[in-house]
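>>> pasting a predicted model and its sequence here:
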Amino acid sequence: MTADISALDLEEAGAVLAAESARFASFGWMRGTSGNLSVVLSRDPLRLAVTASGHDKGELTPADVVLVDGQGAAVRGGRPSAEAELHARVAALTGAGAVVHVHTVASVAMGRREPGGITFKDVEMLKGVGQPAHDVEVTLPVIANSQDMKVLGDRLEEARNPRMPAVVVAGHGLYVWGSDPRQARHHTEVVEWLLELELSQR
Ligand SMILES: CSCCC(=O)C(=O)COP(=O)(O)O
Ligand SMILES: [Zn+2]
């Protein structure tokens, strides 16, 4: 049943995702149609608004969004992101209300350099993901890429660090989540900042 989700709710979610997407695209993090975003619209049953597949993520309109179920399958709208199933898995696993996926150079470069995970320490910016700035090491997991979203979801579930709301997918990009689109955006900007810092120093 999805009677609790009106077309207006979906379009409102689309407007939010289009704005967030335009912001990330302006940073160069969603080049060449890459990346995708989602927001949870209901928990039981799980329903998410996910960006439509293959669009220029800097040019989305509120209509370029698809309602998907807990398996990432379309319930309403066109063709959802090819990674919609992973968004649904992250939302179910972590309780997040929004998920961001961006293709940043720093995440791919650092995933190559540190395939076992990227550790941060003694950086004020760690507070942006709810961690102390000093004396604590916080590791961002790196998981191997796959075209199978079930496999990727299993890898994410096994590797995820409850103290870091993000994972790097090797050779692919960055997944980040938060309680809502605004917090997911802040987490994304913080994690990407940390990755760029590490990349600049190694
Ligand atoms: C050049 S983007 C390759 C596909 C991808 O990794 C991605 O993030 C975008 O896929 P979508 O289906 O969400 O457009
Ligand atoms: Zn991708």
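Yep, it's here. Everything quoted here is computed from the prediction, not taken from an experiment. Ligands and ions are numbered 1, 2, ... in the order given.
>>> okay, helices next: where are they in the chain?
In the chain, the helices defined using DSSP state H lie at 7-26, 84-94, 105-113, 149-159, 181-201.
>>> apart from its neighbours in sequence, what residue is nearest residue 150?
Nearest non-adjacent residue to residue 150, counting by CB to CB, 6 or more residues apart in numbering: residue 85, 7.0 Å away. All C-beta atoms are positioned from the backbone trio N, CA, C, and that covers glycine.
>>> correct me if wrong: that neighbour contacts residue 69.
No - using CB atoms under 8 Å, residue 85 is not in contact with residue 69; the gap is 9.7 Å.
>>> so for those two, which residue has more residues nearby?
residue 85 (22 against 17; other CB atoms under 10 Å).
>>> read off the pLDDT value for the more buried one.
The per-residue pLDDT reported for residue 85 equals 98.
>>> quick one: the most centrally placed residue in the chain and ligand 1, what's the gap?
Taking CA atoms, centre = their mean as the criterion, residue 100 is the residue nearest the geometric centre of the chain, at 2.4 Å. Per CB to the nearest ligand atom, to the nearest Å, residue 100 is found 11 Å from ligand 1.
>>> let me have the helices of the chain in JSON lines, extended by distance to residue 170.
Shown next, in JSON lines, are the helices of the chain (distance: least, CB to CB, whole Å):
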{"stretch": "helix 7-26", "distance to residue 170": "20"}
{"stretch": "helix 84-94", "distance to residue 170": "14"}
{"stretch": "helix 105-113", "distance to residue 170": "4"}
{"stretch": "helix 149-159", "distance to residue 170": "10"}
{"stretch": "helix 181-201", "distance to residue 170": "13"}
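>>> what's the most buried one of these?
helix 84-94 (a mean of 23; mean count of other CB atoms under 10 Å).
>>> CA-only coordinates of that helix in CSV, if you can.
The C-alpha trace of helix 84-94 is given here as CSV (Å, rounded to 0.1, in the frame of the first residue of the first chain):
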residue,chain,number,x,y,z
ALA,A,84,18.1,2.6,-6.1
GLU,A,85,18.3,-0.9,-4.5
LEU,A,86,21.5,0.2,-2.6
HIS,A,87,19.8,3.4,-1.4
ALA,A,88,16.9,1.3,-0.1
ARG,A,89,19.4,-1.1,1.6
VAL,A,90,21.3,1.8,3.2
ALA,A,91,18.0,3.3,4.5
ALA,A,92,16.8,0.0,5.9
LEU,A,93,20.2,-0.8,7.5
THR,A,94,21.1,2.5,9.0
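>>> ok, back up a step: among the helices of the chain, which is nearest ligand 1?
Ligand 1 lies closest, by CB to the nearest ligand atom, to one member of these: helix 84-94, at 7.7 Å.
>>> in terms of secondary structure, what does that closest one contact?
With contacts defined as 3 or more CB pairs under 8 Å, 6 or more residues apart in numbering; DSSP states H and E, the packing partners of helix 84-94 are strand 36-43, strand 46-51, strand 65-68, strand 98-102, helix 149-159, strand 173-178.
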